[in-house]
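Q: Structure for the following, please:
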Amino acid sequence: MFRSPANPVIRLVFAPILLLFYQLYSGVPLQMLAPVFVVIFLTIMPSRPPLNLLLIVLVTLLFICFGIVALGKALVDSPSGFALFCWSILFWSYYRSHRNPKDILSSLSLVVIIIMVVMTKQMGLSTSGLPWLMFNKFIIAIVVTYLAFMLFPGEQKDILPAESTDKAPEHHLGLIAFKATALCLVLVALMGIGSSQTMLIAITIGNMIRSPLVSDHQTFGRNRLVTTAVGILFTLPCMLLVVFGVSHWLLLGVSLFCGLQLACYGIRRGCRMDVYQLLFNNFTILTYQVISHQGADSFSAQFMRLVSISIAVLIAVLLLNLTSHPSPVESHSESESV
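A: Got it, this is the predicted structure:
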């Protein structure tokens, strides 16, 4: 409808943030889920999806909600069974991301399994309506995503695509198992200490270590640490405004402005699509946590959220550095080939 070269940036900022504010002030449960799913859809699909792709996405959502979530609900009372199930889904998700970094099923299942674990094991919420609740959030996200493409058409060309690897995932099974195990241990540790930022930290770490390239991990750790860490500072203006108790409309305007600046920052830094998605996932989650805690006494709480996500970035970089060195088998084969 409104054709402009800036449309890809506008829809990525406006769609999730407007939906976030609407859901928050409508009082619906789990207000943050649908905006996060919108970010994932908009970054995975650079242009308006055709009908057949929407049908594939719908089947994928049905599988996640009434397959993964429903099976997790059945196993939640068995600690060992639930833990093995979660590890298997994480392993499968990273396996698919090593085959295709833009895989929708991989991205969504990673986020969903983290949310399900935190909701059931840390928050102690009932799992009776969880599959339908997840499906409802997915449908809202699809509708908002399609409307965003209709209102602001245009293909995303300013962001580099996520890097892929020539090696099959079978060559990285040890690395994939390490990533799944590390994320499970992070979840257990965070829930064990009763961290209020478990979901935020786990999603940040889980997305940062999705990179399929072993040789790229060290570059990711050094160069993209600055990109991600500085990116979260774009929520500071909103945090300060909440402390001073400004109106919701002013808070919405500042959030949109900061989101646009974050998008421009990501483009200037030459972010690839996976890091771009991570930036806006963090921005959306942090914005939700900022605007959902009003009052001057929330300043220290908001500052602790920024500290938490910074710690998450450092942990992810540490994990990436641990996997950046080639295995002895690979080194031996390379020396033989020389």
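
Q: Quick check: mean pLDDT of the host helix or strand of residue 191?
A: Assessed by DSSP states H and E, residue 191 sits inside helix 173-192. The average pLDDT for helix 173-192 rounds to 88.

Q: Can you pull out the low-pLDDT segments for the chain?
A: 1-5, 127, 156-171, 211-231, 293-306, 309, 320, 322-338 (pLDDT under 70).

Q: Show me where it has its strands.
A: Assigned by DSSP state E, the strands in the chain number zero.

Q: Centre-most residue in it?
A: residue 281 (4.8 Å; C-alpha atoms, centre = their mean).

Q: I'd say that residue and residue 37 touch.
A: No: using C-beta atoms under 8 Å, residue 281 is not in contact with residue 37; the gap is 10.1 Å. Any C-beta I mention is one placed from the backbone N, CA and C, and that applies to glycine too.

Q: measure stretch 71-84 end to end?
A: 12 Å (C-alpha to C-alpha, to the nearest Å).

Q: residue contacts, the residue nearest to the centre of the chain?
A: 36, 39, 40, 203, 204, 207 (C-beta atoms under 8 Å, 6 or more residues apart in numbering).

Q: circling back to that earlier point, next one: the helix holding residue 191 to chain centre, how far?
A: Its chain's average C-alpha position is 16 Å from that of helix 173-192, according to C-alpha atoms, centre = their mean, to the nearest Å.

Q: Put the alpha carbons of it into CSV.
A: C-alpha atoms of helix 173-192 as CSV (Å, rounded to 0.1, in the frame of the first residue of the first chain):
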residue,chain,number,x,y,z
LEU,A,173,26.6,-34.0,15.4
GLY,A,174,29.0,-33.5,18.3
LEU,A,175,28.8,-29.8,18.1
ILE,A,176,25.0,-29.9,17.9
ALA,A,177,24.8,-32.2,20.9
PHE,A,178,27.1,-29.8,22.8
LYS,A,179,24.9,-26.8,22.0
ALA,A,180,21.7,-28.6,23.1
THR,A,181,23.4,-29.8,26.3
ALA,A,182,24.8,-26.4,27.1
LEU,A,183,21.4,-24.7,26.7
CYS,A,184,19.8,-27.3,28.9
LEU,A,185,22.4,-26.7,31.6
VAL,A,186,21.9,-23.0,31.4
LEU,A,187,18.1,-23.4,31.8
VAL,A,188,18.6,-25.7,34.8
ALA,A,189,21.1,-23.3,36.4
LEU,A,190,18.9,-20.2,35.9
MET,A,191,15.8,-21.9,37.3
GLY,A,192,17.9,-23.3,40.1
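
Q: Name the residues that touch it?
A: 83, 86-87, 90-91, 94-95, 98, 114, 117-118, 121-122, 169, 197-198, 201-202, 205-206, 209, 214, 315, 319, 322-323, 327.
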